[in-house]
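Colleague: Following is a predicted model, sequence given first.
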Amino acid sequence: MTTHCFRKLYGLLAIGLLAASSILTSSAQTRPTPNRQLASPELNARVEALLKKMTLEEKVGQLAQYAAGYATGPGASNLRYDELVAKGQLGSMLNVVGAEATNHYQHIAMEKSRLHIPILFGQDVIHGHRTTFPIPLAVAASWDPEAAELVARYGAKEARADGIPWVFSPMVDIARDPRWGRIIESSGEDPYLGSVMARAWVKGYQQDDLSKPDSAAVSVKHFAAYGAAIAGRDYNAVEMGEPTLRQVYLRPYQAAVEAGAATLMSSFNSINGVPATANPFTLTQILRKEWGFDGFVVSDWGAVSELKNHSIGDGPTVARKALEAGVDMDMEGNLFGTVIADQVRSGKIPESVVDEAVRRILRVKFALGLFEHPYVEQGQAYDATPERRAAARKVAEETFVLLKNDSVEGVGTLLPLTKKTAKVALIGPMADNQKEMLGAWAVTGDPK
């Protein structure tokens, strides 16, 4: 073969390699869109049109979430929620449950506020709303993702009928230390099982369509690695290498995001010395740039304010660090709503940072159809119907852990029971306590 042929062959090969490299690079840089509803051009056009009309105070209001029954902000003990809602300075509330309570605030938002932006109500719905199912750890022990989907489906249906379009579930933390009390909300220790269950929970709540009247937006928690707290002590630090973080602890979160999760909740812990609620590596680099998450992030209860305990600054400083890291909504921290606007005016925070957080929140509100259907019908949100009882019983039967009472050499049977035993007495202070039988974190569960 001549030198000319070699050069021609080399040139073609080089062009082919460059083209392949370009395709791979382009593919790697193409931003995924896990939730196509939130990425909808029509929806985002509505978001942009509304954002242009908003004052700075109205924008910051969307970033604040307060729990019912509490005063808001320093020196504001006489300031009622009704006033904040009417001014467009309160975007979300939690622990407001039922048609009467939610409609009260929603009417103020839709009729008295300048831009008529609906309130987003959130609530802990962990293993059912009113109809209560086995705890999530038990559901995971069924090895049946359809069971998780069923629990979520009923939870969303009942929550939405109670005026709650946003649920603080599922918890997808990998949990390997039984000393950690919140392990009951998890799917246990395995990242594969945890990922499968995470997808099922998201699908059950959201039904791949947030606009359905009986769908609820999820808040996947707690981002990230909360379940790895040292010695199983809640709120404790987490120390781990990036490979373990990515290959084990982040996998269920990523699965939930890929399933279309609308929101995530940041965690209290630090990761290798950096508080998770002010960590741009997890909240921006991984979650948004790598995974393409278009929804919003809410802090856990008071987690923004508690950043002061991590010694990374005073109130205004930690609020700025949380917002710039990627936390969009401050849950009962009383900081975003009180210190962000002043920092924007002083130039410490670019208004574009606030705008991006507001975009993310408004996307979810539009996707849920709250602007078109902000109210819920009066009446009971659920009935203890035979259908719902049967569904709860079905899941319970799948989650039983059974012990076969075999004989053990030198011991006899494992349990002191003979084959003649006909009845076993169930005794103790909780034997006939229906409320306790609902299980941990049953929040709005009803023994009936």
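Modeller: Now that the structure is in, tell me what you want to look at.

Colleague: which residues does Lys308 contact?
Modeller: By C-beta atoms under 8 Å, 6 or more residues apart in numbering, the residues touching Lys308 are 314-315, 318. Where you see a C-beta, it was placed from the backbone N, CA and C, and this is true even at glycine.

Colleague: I'd like the next helix or strand past the lengthiest strand in the chain.
Modeller: In the chain, taking DSSP state E as the definition, the longest strand is strand 217-223. Per DSSP states H and E, the first helix or strand lying C-terminal to strand 217-223 is helix 242-244.

Colleague: And the residue nearest to the spatial centre of the chain, how far from Thr132?
Modeller: When C-alpha atoms, centre = their mean is applied to the chain, the residue found nearest the centroid is Ser219 (1.6 Å). For Ser219, the distance to Thr132 (C-beta to C-beta, to the nearest Å) stands at 20 Å.

Colleague: Could you do Val274 as well?
Modeller: Separation of Val274 from Thr132 (C-beta to C-beta) stands at 37 Å.

Colleague: quick one, which of these two is more surrounded?
Modeller: Neighbours were counted for Val274 and for Thr132 using other C-beta atoms under 10 Å; Thr132 has more, 22 against 16.

Colleague: all strands for the stretch 51-200 of the chain, in order.
Modeller: Ranges of strands within the stretch 51-200 of the chain are 64-67, 92-94, 120-123, 166-167, based on DSSP state E, counting those that start in this stretch.

Colleague: Adjacent strands (with direction) for the shortest one?
Modeller: Each strand that strand 166-167 pairs with, and the sense of that pairing, follows from DSSP bridges: strand 120-123 (parallel), strand 217-223 (parallel).

Colleague: How about residues contacting it?
Modeller: 92, 120-125, 129, 155-156, 159, 205, 216-219, 262-263, 364, 368.

Colleague: let's see it at 10 Å
Modeller: Contacting residues not belonging to strand 166-167 are listed as 92, 94, 120-126, 129, 152, 155-156, 159-160, 201, 205-206, 210, 216-219, 262-263, 298, 364-365, 368, 370 [C-beta atoms under 10 Å, 6 or more residues apart in numbering].

Colleague: With the first one instead?
Modeller: Outside strand 64-67, the residues within contact range by C-beta under 10 Å, 6+ apart are 72-73, 81, 84, 89-96, 119-122, 298-299, 301-302, 329-338, 340, 361.

Colleague: can you give me phi and psi for the nearest residue to Gly313 once chain neighbours are set aside?
Modeller: In space, and not counting its chain neighbours, Gly313 is closest to Lys321: 6.5 Å by C-beta to C-beta, 6 or more residues apart in numbering. Here is the backbone geometry of Lys321 (degrees, to the nearest 10): phi -60, psi -40.

Colleague: Let me see the contact set for Lys321.
Modeller: 275, 277-280, 304, 307, 310, 312-313, 327.

Colleague: Return the members of these classed as buried.
Modeller: 275, 277-279, 304, 307, 310, 327 (16 or more other C-beta atoms under 10 Å).

Colleague: Pull the most distant pair out of these.
Modeller: The distance between the two most remote of the buried ones among the contacts of Lys321 (C-beta to C-beta) is 13.7 Å, for His310 and Val327.

Colleague: okay, and the common contacts of those two?
Modeller: Counting by C-beta under 10 Å, 6+ apart, the residues touching both His310 and Val327 are 276-278, 321.

Colleague: Just the ones of those residues in strands?
Modeller: Short answer: the shared contacts of His310 and Val327 have none in strands (DSSP E).

Colleague: Let me know the closest of these to Tyr253.
Modeller: Closest approach between the shared contacts of His310 and Val327 and Tyr253, by C-beta to C-beta: Ala276, at 11.6 Å.

Colleague: hang on, isn't the closest one packed against Val304?
Modeller: No - contact criterion C-beta atoms under 10 Å: Ala276 and Val304 do not qualify, at 11.5 Å.

Colleague: May I have the longest strand of the chain exported as PDB, CA atoms only?
Modeller: This file holds the C-alpha atoms of strand 217-223, laid out as PDB (Å, rounded to 0.1, in the frame of the first residue of the first chain):
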ATOM      1  CA  ALA A 217     -46.300  15.300  43.800                       C
ATOM      2  CA  VAL A 218     -43.600  13.500  45.800                       C
ATOM      3  CA  SER A 219     -40.800  14.900  47.900                       C
ATOM      4  CA  VAL A 220     -38.000  12.300  47.800                       C
ATOM      5  CA  LYS A 221     -36.000  12.400  51.000                       C
ATOM      6  CA  HIS A 222     -33.600  13.000  52.500                       C
ATOM      7  CA  PHE A 223     -31.000  14.200  50.000                       C
END
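
Colleague: Figure out how far that strand is from the centre of its chain.
Modeller: Chain-centre distance of strand 217-223: 1 Å, with C-alpha atoms, centre = their mean, to the nearest Å.

Colleague: List the buried residues in the helix or strand where Ala49 lies.
Modeller: Ala49 is part of helix 41-53 when elements are defined by DSSP H and E. When burial is assessed from 16+ other C-beta under 10 Å, helix 41-53 yields the following buried residues: 43-44, 47, 50-51.

Colleague: Go ahead and name everything in contact with that helix.
Modeller: Residues contacting helix 41-53 (C-beta under 10 Å, 6+ apart): 36-38, 40, 58-59, 62, 114-117, 211, 294, 355-356, 358-367, 371.

Colleague: can you give me the helices in the stretch 151-300 of the chain?
Modeller: 191-206, 242-244, 251-258, 280 (DSSP state H, counting those that start in this stretch).
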